[in-house]
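Asks: predicted structure and sequence below. I'll ask about it afterward.
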Amino acid sequence: MQTSINTPTNLAAVRLRHVMTLWRRWRLDAIARDERGSEQDFARTVGLSPAQWSQHKAGKPLGERLARRIEAACAVPTGWLDRAADEVDAGINVTGGMLELLAPEDACSVMLTAFGPGASLAMPQVEHSTPAGFPSPAADFETHRVDLVEQMGLHQPSTFLARVRGQSMTGKGIDDGDLLVINRLIEPRHGHTVVAVIDNELTCKTLYKRGSVVKLQAANPDFPDIVPKDGQSLTVWGVVTSVIKRLVV
């Protein structure tokens, strides 16, 4: 049974949450088709200008007609944006390791937030070797600047940043909230940590590929491996090259 939220304030919040879910799904589908999947393209798809889409992302309520138009453009049932959160979430297959794919233009700000106050994406790298013990505070250090965005390849159109949502890869040191750097140009091989698309959801797993057997292995005994069933689509979307983790301080 469909449950609607009748309070105008609640309805606006529910629609905003669900339209962001539609945006992420649409972007994932577009990128899987080797398209850009930009916010401008999504805005055009749902009949908005980029400026109007930015206003709605920032919290401007979706009117009735616009909500129905977005639902039609994204091929979801009429009234989907008005459903209670648990009904919409119940239709999403998380597979124990859903990822939140981040927009390329957000990568720098997200990394700075992860690194903490006063962080910079270009910083000095200190090179100093000491045979034993600790270096003297008075020792001369050789330094040069390192651009972390360039080092991780985030300036390349084939590289993406995603946030982990789940605990299925903790055995590989990948925890909920970590950031993954994903390269789509690397040929996925057996044993690679990959990002795959299954049932229209992104998940991070270890690729098992031996002979005709292909599956996605979790790194947590509480989560089962994913073996594609008949008629189920599984696409290896990219290879994880780096994990950005913020420690508790």
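Replies: Arrived safely. Bear in mind the structure is a predicted one, so any value in this text is a computation, not a measurement.

Asks: would you map the strands across the protein?
Replies: All strands of the chain, identified by DSSP state E, fall at 98-102, 122-127, 142-147, 159-165, 179-183, 193-198, 201-210, 213-217, 234-244.

Asks: residue 170: how many residues sit nearby?
Replies: 19 (other CB atoms under 10 Å). Using the backbone N, CA and C atoms, a C-beta is placed for each residue, glycine as well.

Asks: ok, it to residue 78 distance?
Replies: 40 Å (CB to CB, to the nearest Å).

Asks: so, low pLDDT: which residues of the protein?
Replies: For the chain, the stretches with pLDDT under 70 are 1-9, 32-34, 85-98, 103-105, 117-120, 122-145, 200, 249.

Asks: present the strands of the chain as a markdown table; the columns should include distance to residue 31.
Replies: Output for those, formatted as a markdown table (distance: least, CB to CB, whole Å):
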| stretch | distance to residue 31 |
| --- | --- |
| strand 98-102 | 8 |
| strand 122-127 | 28 |
| strand 142-147 | 25 |
| strand 159-165 | 8 |
| strand 179-183 | 11 |
| strand 193-198 | 9 |
| strand 201-210 | 10 |
| strand 213-217 | 19 |
| strand 234-244 | 8 |
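
Asks: how about those, which one is nearest residue 60?
Replies: strand 98-102 (22.1 Å; CB to CB).

Asks: contacts for stretch 45-56?
Replies: 16, 19, 26, 39-40, 42-43, 62, 66, 69-70, 73-74 (CB atoms under 8 Å, 6 or more residues apart in numbering).

Asks: surely residue 24 meets residue 74?
Replies: No - using CB atoms under 8 Å, residue 24 is not in contact with residue 74; the gap is 11.0 Å.

Asks: report the angle between the helix ranked longest in the chain and strand 201-210.
Replies: Longest helix in the chain, counting residues (DSSP state H): helix 8-32. Put simply, helix 8-32 runs at 30 degrees to strand 201-210, going by axes from the mean of the first three to the mean of the last three CA atoms, to 10 degrees.

Asks: on that earlier part again, who wins on neighbours among the contacts of stretch 45-56?
Replies: Going by other CB under 10 Å, residue 70 tops these with 25 neighbours.

Asks: do you know how far it is from residue 202?
Replies: Taken as CB to CB, the span from residue 70 to residue 202 is 22 Å.

Asks: using CSV, write out every CA atom in stretch 35-43.
Replies: Extracted in CSV, the C-alpha atoms of stretch 35-43 (Å, rounded to 0.1, in the frame of the first residue of the first chain):
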residue,chain,number,x,y,z
GLU,A,35,27.8,9.2,-21.3
ARG,A,36,28.8,12.2,-19.2
GLY,A,37,25.9,11.9,-16.7
SER,A,38,26.3,15.6,-15.8
GLU,A,39,23.9,17.6,-13.7
GLN,A,40,23.2,19.8,-16.8
ASP,A,41,22.1,16.8,-18.8
PHE,A,42,19.9,15.6,-16.0
ALA,A,43,18.3,19.0,-15.7
